[in-house]
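Visitor: Quick one, structure for this:
(2 chains)
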There are 2 protein chains.
Amino acid sequence: MTPNLVAGLEPPYYTAVFTSIRPDAPEGYAETSARMQEIVKGLPGFLGYEAARTPGGIGITVAYFRDLESLDAWRDNAEHQEAKRHGRKHWYESYSVHIGKVERSYGFDKG
Amino acid sequence: MTPNLVAGLEPPYYTAVFTSIRPDAPEGYAETSARMQEIVKGLPGFLGYEAARTPGGIGITVAYFRDLESLDAWRDNAEHQEAKRHGRKHWYESYSVHIGKVERSYGFDKG
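Guide: This is a model prediction of the structure:
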């Protein structure tokens, strides 16, 4: 798989930054993660996401949303809420979420 | 090194999300990265950062700033600008920068 950055985002939009510390591959994580991706991709206003994890270190996911309504729909999704409860109990040492409104962005592509 | 998330951030603050695709350890990168960290940590209004990189995949760094003035000071720093020029020429396939104003954040720590 060749990784790709999310392209073509036009401000204003929102970033949901999720940073976490957890074991590299806890039981059940991959299945839940795949299901969460399936749900969020179906939400109106979801624009894409990028994820990175340093082995043994920090993981960061940035999800892009058109507006707060789509972000709230993701936050309030019942399966997502259940996954978060399970994650707090079984997977995560710690995590943080930062919801930002983006008015300025730029990019570079070697092309 | 035990990784730690940046803690104690009180909205409003700003996130500078930097996502990139580059080779894992290009020549000269580590030295420049260390120097950039030294500079940004000395800026008033810099609140901390987190970084993650999936080997062979995407890298994401999130830097936290108190206000746009401190973010602009970082953007306009001459050594930082030179490092970005060098990075575009020698290191990066692509990158993107998203500047967001955070009004809402929360976290979890197993404690």
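Visitor: Could you give the bridge partners of the residue of chain A found nearest chain B?
Guide: Of all residues in chain A, the one sitting closest to chain B is A:Gly100 (2.3 Å; Cβ to the nearest Cβ). Using the backbone N, CA and C atoms, a C-beta is placed for each residue, glycine as well. A:Gly100 forms beta bridges with A:Thr15, B:Val102, as assigned by DSSP bridges.
Visitor: and it, what does it touch?
Guide: Going by Cβ atoms under 8 Å, 6 or more residues apart in numbering or on different chains, A:Gly100 touches A:Tyr14, A:Thr15, A:Val17, B:Tyr14, B:Thr15, B:Val17, B:His98, B:Gly100, B:Lys101, B:Val102.
Visitor: go on, A:Val40?
Guide: So A:Val40 contacts A:Phe46, A:Tyr49, A:Ala63, A:Trp74, A:His80 (Cβ under 8 Å, 6+ apart).
Visitor: A:Ser70 too?
Guide: Going by Cβ under 8 Å, 6+ apart, A:Ser70 touches A:Leu43, A:Pro44, A:Gly45, A:Phe46.
Visitor: Can you name the helix or strand that it falls in?
Guide: helix A:68-76 (DSSP states H and E).
Visitor: Kindly report the same for A:Met36.
Guide: Using DSSP H and E, A:Met36 falls within helix A:29-41.
Visitor: What ranges in chain A fall below the confidence cut-off?
Guide: In the predicted model, chain A carries pLDDT under 70 at residues A:1-2.
Visitor: From B:Ser105, how far out is the residue found closest to A:Ser20 once you drop the neighbours it is linked to in the chain?
Guide: Take A:Ser20 and drop its neighbours on the chain: the residue closest to it by Cβ to Cβ, 6 or more residues apart in numbering or on different chains is A:Tyr95, 3.9 Å away. Distance, A:Tyr95 to B:Ser105, by Cβ to Cβ, to the nearest Å: 11 Å.
Visitor: repeat for A:Thr19
Guide: A:Thr19 sits 11 Å away from B:Ser105, going by Cβ to Cβ.
Visitor: the more surrounded of the two?
Guide: Taking other Cβ atoms under 10 Å in any protein chain shown, A:Thr19 and B:Ser105 do not tie; A:Thr19 has more neighbours (23 against 18).
Visitor: by contact count, what packs against the helix or strand containing that one?
Guide: Assigned by DSSP H and E, A:Thr19 belongs to strand A:13-21. Packed against strand A:13-21 by the contact rule (3 or more Cβ pairs under 8 Å, 6 or more residues apart in numbering or on different chains; DSSP states H and E) you find strand A:59-65, helix A:68-76, strand A:94-109, strand B:13-21, strand B:94-109.
Visitor: go with 6 Å
Guide: Packing partners of strand A:13-21 (3 or more Cβ pairs under 6 Å, 6 or more residues apart in numbering or on different chains; DSSP states H and E): strand A:59-65, strand A:94-109.
Visitor: Just the CA coordinates for it, please, in PDB.
Guide: Below are the C-alpha coordinates for strand A:13-21, written out as PDB (Å, rounded to 0.1, in the frame of the first residue of the first chain):
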ATOM      1  CA  TYR A  13     -13.200  22.600   8.000                       C
ATOM      2  CA  TYR A  14     -12.600  20.800  11.300                       C
ATOM      3  CA  THR A  15      -9.700  18.500  12.500                       C
ATOM      4  CA  ALA A  16     -10.300  15.900  15.100                       C
ATOM      5  CA  VAL A  17      -6.900  15.000  16.400                       C
ATOM      6  CA  PHE A  18      -6.800  11.800  18.400                       C
ATOM      7  CA  THR A  19      -3.500  11.000  20.100                       C
ATOM      8  CA  SER A  20      -3.100   7.800  22.100                       C
ATOM      9  CA  ILE A  21      -0.800   5.400  23.900                       C
END
